[in-house]
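Visitor: Below is the sequence, then the predicted model.
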Amino acid sequence: MKKLFLVALCIPFFIGCKKEAPAEPVAETPAAETTEQPAEFADAKYTELGKKAIAAMTAGDMDGWTANFSDNAKYYWNGGDSLVGKPAIDKYWRDRRANVIESIAFSNDIWLPVKVNKPQRNESNGVWLLGWYDVTASYKKGKEMSQSMHILYHFDENDKIDQVYHYVDRVPIMAAMPK
C-alpha cells in the first residue's frame, strides 16, 4: 500500500516535469526593406561652407565669398529679383560690399544641411544648406540696420552652389540706406 501511495504521489510530479515538445521553429522574416526617405541630414561639411561664406562676406573677401559658386549659379531674393551666373552675382555683391555696405556682421547663425532624395514640390534633388542668422550692416553715408535673415544654398554634384534663395526684409534695408 505504501508503494502504491508513493506511486500515486509521484505521478503528478512526473507529469508536471514532462518535457514539452519543442516549439515549431519560427521562420525568419526578412528585414524590412529600407525605404528611401524624402529627405535626410547631409554631411556637416556643408555647414562649414556656409560659415566660411559669411566670414568672407564680413571680411570683405569677395573672392572667398564667391569661391563656392558654380559658373551658372542663380541667386534669388524673396522679392522676386534675381541674378544669373557667377559673374553677375560676383559683380553685384562686390559692388555692394565696396560701395554701399560699410560693414556687415553675422551672429546667432544656425545651419541645417539636408539631402533631398524625393522632391515634394518644386525643390531640386541633392544637398541644400538652410541657414538662419542675424545681420547687422552699416551703410556708407547711411544708418545701421539689423534683422534676421534666412538663406538656402543648393549644391551641385561638384559641391558648388548653383542656387541661392535669400529671404530678407527690404524695409529696414531701405530705411538705413542714404537718401
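Guide: Here it is on my side, so go on. Numbers count the residues shown, from 1 in each chain.
Visitor: Spit out the contact partners of the closest residue to Y165 other than its chain neighbours.
Guide: Excluding its sequence neighbours, the residue lying closest to Y165 (C-beta to C-beta, 6 or more residues apart in numbering) is L152, at 4.2 Å. Every C-beta, even on glycine, is put in place using the N, C-alpha and C of the backbone. Contacts for L152 (C-beta atoms under 8 Å, 6 or more residues apart in numbering) come out as W128, L129, L130, G131, Q163, V164, Y165, H166.
Visitor: Would you confirm that the last one contacts Y133?
Guide: No - using C-beta atoms under 8 Å, H166 is not in contact with Y133, being 11.4 Å away.
Visitor: got any residues that touch both of those two?
Guide: M149, I151.
Visitor: on that earlier part again, of the contacts of L152, closest to P113?
Guide: Lowest distance from P113 to those (C-beta to C-beta) belongs to L129, with 5.2 Å.
Visitor: averaged over its residues, what pLDDT does the one helix or strand the closest one maps to have?
Guide: Here L129 sits within strand 126-139, counting by DSSP states H and E. The pLDDT scores in strand 126-139 average 97.
Visitor: buried ones in the helix or strand that it is followed by?
Guide: Counting by DSSP H and E, the next helix or strand C-terminal to strand 126-139 is strand 144-155. By 16 or more other C-beta atoms under 10 Å, the buried positions in strand 144-155 come out as M145, M149, I151, L152, Y153, H154, F155.
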